[in-house]
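# give me a model of this one.
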Amino acid sequence: MKTYAIGCDVGNNSVKLKTSKEVYRIDTLIRQATEARMIFGRGDVGEAVDFLDVDIESTGISGNFYVGSLASGAGGQESIGGLKSENRILKVAALTSLAYVLALESPEEEEFQVALGTGLPVREFFMKNSQGKYDFANVKKYLEQFQGEHIVTFNTKLLNHRKIKLHLDPEEITVLPECYAGLLTVVADEQGNILPRYAKKHISVIGADLGGGSSDFAGYCNENYIEECMFGFDVGINEAQDRFCEDIMIRARLRNFNRHELNSYLFDPDRKGILETNRGTIDLNKEKLVYYKPLVDKVIYNFMKAMGNNSFDISRVNYMYLFGGASEELGSMVSQELKKEIPNIEVVDRPITRNVEAYFSTAREYEEE
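Purely as a prediction, here's the structure:
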């Protein structure tokens, strides 16, 4: 059986997947269902990703779920933090996303051997036990979530009601520290060779992975990670966007308006961030800055505090690179505020896919025809 390599970045807001053909992104909204959705009218006409109604059979999880945009609105759940290695919602989103990508790319097959590259937040990856030593227990726990056989059945004609069987052997699953993985795509070339400017002795590089529910940081120097710079905290763009959405609902008297809808307006080239209601027009791109500025200050405060607590002098940082889903919205503001402390700071290109690119590179080592 052919082995398919997939990189899978499971985030609080979305799952990013990379194959040899494409990069995919699916919202991590989940709704537990009692039966397949009722189909009427135009039914399944549209994009298959918008109709992820699935039945899942896996260790510890079974039942019918709506995933992604189909789960938006009343009853839709999303990850709200905690350990990713124990998060049931994220596992449902990840398995559905893996099955969806394989079903889409290989329409004639129903059984797949998967080599998987994925990751855990740096603070969960490097969590210490009661004796104060790294035991990587969460890494083992996360690997166990994926290993074995999983069955995902699609209840949609767009995917021909396919039953997808996923086989994942533990020796073909690689779990990396998230932010550090993304940072390595910046300091190294595609073959893994460290670029000359970062290969010099005592050159310190910091990566900042700005996410929805959290922000993670990682450091690189002298061909190794900087332990003092491997940390994170539960501050992400979600809290600013949720506050913004609450105010919009009050002003426009909307029953529901969540951050998934907000981002659909902000990043849609046709909508251009303009929300039209019968109570007036709201320029979302203009008004969001009022909510983003306090969040940026909070991110910077926590970053500086963590660096101080870990006794790492910020003047030793030669380069800093920002990536992650929230960096598209917050990156330029964070860069501007930190420019005095770290002159060489910038948002990288392809900021959303840096981690998943690193995961895919590790998975490709096991890919077979």
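# what ranges do the strands span in the stretch 251-369 of the chain?
274-277, 280-283, 317-323, 345-347 (DSSP state E, counting those that start in this stretch).
# pick the most buried one from the ones you listed.
strand 317-323 (a mean of 23; mean count of other Cβ atoms under 10 Å). Backbone N, C-alpha and C define where each C-beta goes, glycine included.
# partners of it, with directions?
strand 204-210 (parallel), strand 345-347 (parallel) (DSSP bridges).
# could I get the ones you listed in CSV, plus columns for distance to Ser327 and mean pLDDT?
Formatted as CSV, those follow (distance: least, Cβ to Cβ, whole Å; pLDDT from 0 to 100):
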stretch, distance to Ser327, mean pLDDT
strand 204-210, 5, 98
strand 345-347, 5, 97
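# TSV for the strands of the stretch 251-369 of the chain, including distance to Thr96?
Listed next are these as TSV, based on distance: least, Cβ to Cβ, whole Å:
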stretch	distance to Thr96
strand 274-277	30
strand 280-283	33
strand 317-323	25
strand 345-347	30
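# nearest to Leu120, of those?
strand 317-323 (16.7 Å; Cβ to Cβ).
# for the closest one, give the mean pLDDT please.
Averaged across strand 317-323, pLDDT comes to 98.
# chain center to it: distance?
Strand 317-323 has its average C-alpha position 20 Å from the chain's average C-alpha position, going by Cα atoms, centre = their mean, to the nearest Å.
# output the below-cut-off pLDDT ranges for this protein.
74, 368-369 (pLDDT under 70).
# please redo it, this time with the cut-off set to 80
Regions of the chain meeting the criterion pLDDT under 80 cover residues 41-43, 73-76, 78-81, 367-369.
# in its sheet, what does the longest strand seen in it sit against?
Counting by DSSP state E, the longest strand found in the chain is strand 111-120. Applying DSSP bridges to the sheet, strand 111-120 is found paired with strand 3-10 (parallel), strand 163-168 (parallel), strand 173-177 (parallel).
# could the strands paired with strand 317-323 go into TSV alongside distance to Ala188?
Formatted as TSV, those follow (distance: least, Cβ to Cβ, whole Å):
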stretch	distance to Ala188
strand 204-210	11
strand 345-347	17
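# out of those strands, deepest packed?
Ranked by mean neighbours (mean count of other Cβ under 10 Å), the strands paired with strand 317-323 are led by strand 204-210, with a mean of 27.
# dump that one to PDB, restricted to CA.
C-alpha atoms of strand 204-210 as PDB (Å, rounded to 0.1, in the frame of the first residue of the first chain):
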ATOM      1  CA  SER A 204      20.400  34.200  18.500                       C
ATOM      2  CA  VAL A 205      17.100  34.000  16.500                       C
ATOM      3  CA  ILE A 206      13.600  34.100  18.100                       C
ATOM      4  CA  GLY A 207      10.500  32.900  16.400                       C
ATOM      5  CA  ALA A 208       7.000  34.100  17.500                       C
ATOM      6  CA  ASP A 209       4.000  32.000  16.600                       C
ATOM      7  CA  LEU A 210       1.000  34.200  17.100                       C
END
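# hmm, back to that, nearest to Ala358, of the strands of the stretch 251-369 of the chain?
The nearest among the strands of the stretch 251-369 of the chain, by Cβ to Cβ, is strand 317-323 at 10.7 Å.
# what about dumping the CA coordinates of that closest one to CSV?
Extracted in CSV, the C-alpha atoms of strand 317-323 (Å, rounded to 0.1, in the frame of the first residue of the first chain):
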residue,chain,number,x,y,z
VAL,A,317,18.5,38.7,20.2
ASN,A,318,19.9,39.3,16.7
TYR,A,319,16.8,38.4,14.7
MET,A,320,13.1,37.9,15.4
TYR,A,321,10.5,36.4,13.0
LEU,A,322,6.8,36.4,13.4
PHE,A,323,4.5,33.8,11.9
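# which other residues reach stretch 290-302?
210, 215, 233, 235, 237, 239-241, 243-244, 329-330, 333-334, 337-338 (Cβ atoms under 8 Å, 6 or more residues apart in numbering).
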